[in-house]
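In: Compute the structure for the input listed below.
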Amino acid sequence: MRISAISTDLLVVGGGLGGVAAALTAAKLGCRVVLAERSTWLGGQLSTQAVPPDEHQWIETSLTSPSYRALREAIRGHYRRAYPLTEDAAGIEHLNPGMGFVSRICHEPRVGALAVEEILSAHIASGAITVLREHTAVDVRRDGRRITSVTLRAPNGDQLEVRATLVADATEEGDLIEPAGLPVVIGAEGRDETGELHAPDVADVHDQQAVSWCVALEYRPGEEHTIPRPDRYEHWRDTVDPRWPASQLSWEDVVPDTLQPRVRPLFAQSPQEAIHTRADDLWQYRRILARQLLDPAFTGGEITLVNWPQIDYWELPLHGVSPQAREKALEGARSLTRSFVYWMQTEAPRHDGGFGYPELRPRGDVTGTADGLAKEVYIRESRRIRALFTVTEGHIGRRMRGADAGSAIFADSVGIGYYRIDLHPSTSGRNYVDIDCFPFQIPLGALIAADADNFVAANKNIGTTHITNGAYRLHPVEWSIGEAVGALAARVVETGLDPARIREDQRQLTRLQQVLSEDLGVSLAWPEQIRTGGAAFDRVPTPSDDAAPAPASAGV
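Out: From the prediction side, this is the model:
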């Protein structure tokens with residue numbers, strides 16, 4: 001084993017959307033960055049976890065960060081350059097490659113990873129960003145309130161000690177918090193602590209949102225692609241959770257906000273009709289490659305991404321448990337997804353009568369794996385830092401604040417976001433919590449650890465609660481969090497001040513906000529009629545309208 005050491009301005013551990021945005025932004029502003037990622041792909045939930053973007057309806061407007069819009073256009077650009085689009089499809093300004101209705105840009109995870117590489121490419125070539133793939137953090141050292149170094153292990157066992165002015169934990173699960181000796185928040189806070197309307201009465205560390213191991217499937221008419229029967233298939237087929245109307249191996253689930261039972265088939269009509277007709281079925285829900293957009297000579301079939309309630313795994317939690325229990329939970333999530341695929345191929349009621357769709361083909365080439373499952377499990381809820389400031393339901397929830405009050409205004413805002421408070425069924429037996437909130441701001445204080453001077457969060461591990469995490473965990477919000485961390489890193493390097501000092505000093509805070517808003521084009525506040533849910537929130541959107549309304553939760 002070889003041990004070496006380097007120094008940098010910003011160390012970002014975790015190459016998801018928050019980590020990529022932090023590295024990209026810091027490099028643009030003149031910093032040297034080391035970006036370490038445990039996978040072979042960058043992009044996190046966009047790529048390795050195989051989740052098409054869930055976004056608000058203002059996403060195509062100037063209210064969205066220019067760099068996030070650039071990422072989306074890089075994805076569209078790949079399809080325009082490399083795919084045989086029809087003439088009509090090639091002319092669509094806001095191309096949606098899959099025509100899935102969960103997002104304005106449903107696309108293949110593989111293409112998401114390619115787009116991330118493209119937007120980072122020049123900064124990697126210049127040496128501003130050093131990307132370390134398949135590297136995991138094995139040690140975090142600190143001296144008093146400062147993180148002095150993080151040691152990363154390479155696939156061959158070599159170790160690299162990285163010393164950085166600022167350390168950002170952009171991992172999917174807050175992997176650095178406990179090794180850094182910092183207080184960690186896991187699961188649900190109690191109402192006795194936060195006062196939140198929808199929190200449990202007392203804290204419950206095992207109240208963690210379900211995880212999902214996503215899978216990509218292609219429809220190949222007339223072909224046979226049935227996978228081997230999974231070991232725990234009977235368990236998943238025959239178990240009915242009290243929260244659910246039927247086994248998860250069915251077309252039945254519940255409406256997230258009302259908890260009323262519903263039935264959504266794979267195809268609401270024939271697959272041939274589905275190519276040309278929009279329908280509320282599971283196939284079109286997260287479809288990532290639409291045949292309608294492609295030249296008839298294209299030999300491939302349509303592809304959908306399975307991130308549906310049927311594969312929500314809630315038997316065991318991931319965090320606050322032993323490594324053995326964690327591995328059992330991960331294998332349980334994989335087992336559930338494999339079993340659902342097998343059920344669809346063999347026993348699922350068909351749209352045309354009979355049972356089973358053996359023509360469903362797992363597409364591992366789309367997800368970067370051998371079996372079609374995503375490289376990693378989709379994590380909705382991370383370990384969280386004890387931050388200088390914590391966003392609660394009282395800051396963004398409609399019912400708590402009043403129907404017309406709008407979200408709280410944060411003087412230290414470093415970005416904006418919007419999504420319903422959307423919590424999936426949890427490992428403690430709770431069902432969906434899916435409630436209205438207002439478009440919100442991202443406060444700088446939520447990104448800064450209270451117990452360390454040079455440690456920040458850059459993913460869904462920021463200072464939110466179990467409840468508000470349900471709104472702050474989506475793709476564009478995570479990107480904006482990372483973008484703010486990158487700009488903060490540049491100010492830390494330039495001024496020599498720690499993040500908390502920059503937040504406390506009004507002049508320094510104003511300068512940081514100017515860098516974000518004036519230099520980078522980031523919106524730090526919503527227009528009032530959107531923030532308060534007024535007329536601009538409700539009227540019909542147009543693609544170029546900066547005041548278009550937001551949709552209901554898609555249940556990502």
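In: hey, where'd the helices end up in the stretch 101-250 of the chain?
Out: Using DSSP state H, counting those that start in this stretch, the helices found in the stretch 101-250 of the chain span residues 109-126, 191-194, 233-238.
In: Please enumerate the helices of the stretch 351-500 of the chain.
Out: 364-367, 393-396, 398-401, 469-472, 475-495, 499-504.
In: Which one of the ones you listed lies nearest to Glu178?
Out: Glu178 sits nearest to helix 469-472 of all these, at 18.0 Å, using Cβ to Cβ. (C-beta placed from N, C-alpha, C; glycine too.)
In: mind saving the C-alpha coords of the closest one as CSV?
Out: The C-alpha coordinates for helix 469-472 follow below in CSV (Å, rounded to 0.1, in the frame of the first residue of the first chain):
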residue,chain,number,x,y,z
ASN,A,469,-35.7,17.0,3.8
GLY,A,470,-38.7,15.9,1.8
ALA,A,471,-38.7,19.2,-0.1
TYR,A,472,-34.9,20.0,-0.2
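In: Counting by contacts, list what it packs against.
Out: Here helix 469-472 touches strand 421-423, strand 440-443, going by 3 or more Cβ pairs under 8 Å, 6 or more residues apart in numbering; DSSP states H and E.
In: I'd like these as JSON lines, with mean neighbour count and distance to Ile75 appended.
Out: Output for those, formatted as JSON lines (neighbours: other Cβ atoms under 10 Å; distance: least, Cβ to Cβ, whole Å):
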{"stretch": "strand 421-423", "mean neighbour count": "25", "distance to Ile75": "23"}
{"stretch": "strand 440-443", "mean neighbour count": "26", "distance to Ile75": "23"}
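In: Redo the helices of the stretch 351-500 of the chain as JSON lines? Include mean neighbour count and mean pLDDT.
Out: Converted to JSON lines, these look like this (neighbours: other Cβ atoms under 10 Å; pLDDT from 0 to 100):
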{"stretch": "helix 364-367", "mean neighbour count": "20", "mean pLDDT": "98"}
{"stretch": "helix 393-396", "mean neighbour count": "23", "mean pLDDT": "98"}
{"stretch": "helix 398-401", "mean neighbour count": "17", "mean pLDDT": "96"}
{"stretch": "helix 469-472", "mean neighbour count": "26", "mean pLDDT": "98"}
{"stretch": "helix 475-495", "mean neighbour count": "26", "mean pLDDT": "98"}
{"stretch": "helix 499-504", "mean neighbour count": "19", "mean pLDDT": "98"}
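In: deepest of the helices of the stretch 101-250 of the chain, which one?
Out: Greatest average neighbour count among those goes to helix 109-126 (a mean of 19), per mean count of other Cβ atoms under 10 Å.
In: Tell me what angle that one forms with helix 475-495.
Out: 10 degrees (axes from the mean of the first three to the mean of the last three Cα atoms, to 10 degrees).
In: Remind me what helix 109-126 packs against, helices and strands.
Out: Packed next to helix 109-126, using 3+ Cβ pairs under 8 Å, 6+ apart, are helix 17-28, helix 66-82, strand 129-133, helix 364-367.
In: what's the closest of those to Val205?
Out: Closest approach to Val205 among the helices and strands packed on helix 109-126 is made by helix 17-28 (23.7 Å; Cβ to Cβ).
In: Just say which of the helices and strands packed on helix 109-126 is most tucked in.
Out: helix 17-28 (a mean of 29).
In: hang on, the earlier thing: so which of the helices of the stretch 101-250 of the chain is nearest Ala403?
Out: Across the helices of the stretch 101-250 of the chain, closest to Ala403 is helix 191-194 (Cβ to Cβ), at 21.4 Å.
In: rewinding a little: between the helices of the stretch 101-250 of the chain, which one is closest to Ala137.
Out: Nearest of these to Ala137, taken as Cβ to Cβ: helix 109-126 at 20.5 Å.
In: Dump the closest one to CSV, restricted to CA.
Out: The C-alpha trace of helix 109-126 is given here as CSV (Å, rounded to 0.1, in the frame of the first residue of the first chain):
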residue,chain,number,x,y,z
PRO,A,109,-28.8,7.5,-16.6
ARG,A,110,-25.8,6.8,-18.9
VAL,A,111,-26.5,10.0,-20.8
GLY,A,112,-26.7,11.9,-17.5
ALA,A,113,-23.2,10.7,-16.6
LEU,A,114,-21.9,11.7,-20.0
ALA,A,115,-23.4,15.2,-19.7
VAL,A,116,-21.7,15.7,-16.3
GLU,A,117,-18.4,14.7,-17.8
GLU,A,118,-18.9,17.2,-20.6
ILE,A,119,-19.6,20.2,-18.3
LEU,A,120,-16.5,19.4,-16.1
SER,A,121,-14.2,18.5,-19.0
ALA,A,122,-12.4,21.8,-19.5
HIS,A,123,-11.8,22.3,-15.8
ILE,A,124,-10.4,18.8,-15.5
ALA,A,125,-8.1,19.5,-18.5
SER,A,126,-6.9,22.7,-17.0
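In: mind checking how far that helix is from the chain centre?
Out: Relative to its parent chain, helix 109-126 has a centroid offset of 18 Å by Cα atoms, centre = their mean, to the nearest Å.
In: So what touches that helix?
Out: Helix 109-126 is contacted by residues 20, 23-24, 27-28, 33, 41-43, 46-50, 67, 70-71, 74-75, 77-79, 97, 129-131, 216, 288, 305, 365-368, 374 when judged by Cβ atoms under 8 Å, 6 or more residues apart in numbering.
In: Check stretch 68-83 too.
Out: For stretch 68-83, using Cβ under 8 Å, 6+ apart, the contacting residues are 21, 53, 59-60, 85, 90, 94-95, 97, 105, 107, 111-112, 114-116, 118-119, 294, 298, 476, 479-480, 483.
In: Please render the helices and strands packed on helix 109-126 as CSV that adds distance to Asp281 to the earlier fields.
Out: Formatted as CSV, those follow (distance: least, Cβ to Cβ, whole Å):
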stretch, distance to Asp281
helix 17-28, 29
helix 66-82, 23
strand 129-133, 38
helix 364-367, 20
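In: can you count the residues close to Thr304?
Out: Look at Thr304: counted by other Cβ atoms under 10 Å, it has 28 neighbours.
In: what pLDDT does it get?
Out: Thr304 carries a pLDDT value of 98.
In: Show the pLDDT at the nearest residue to it once chain neighbours are set aside.
Out: Take Thr304 and drop its neighbours on the chain: the residue closest to it by Cβ to Cβ, 6 or more residues apart in numbering is Arg287, 4.6 Å away. Looking at Arg287, its pLDDT is 97.
In: Looks like Arg287 contacts Ile303 (just checking).
Out: Yes: contact criterion Cβ atoms under 8 Å: Arg287 and Ile303 qualify, at 7.1 Å.
In: re the thing from before, closest one to Pro358 among the helices of the stretch 351-500 of the chain?
Out: Proximity to Pro358 (Cβ to Cβ) singles out helix 364-367 among these, at 17.6 Å.
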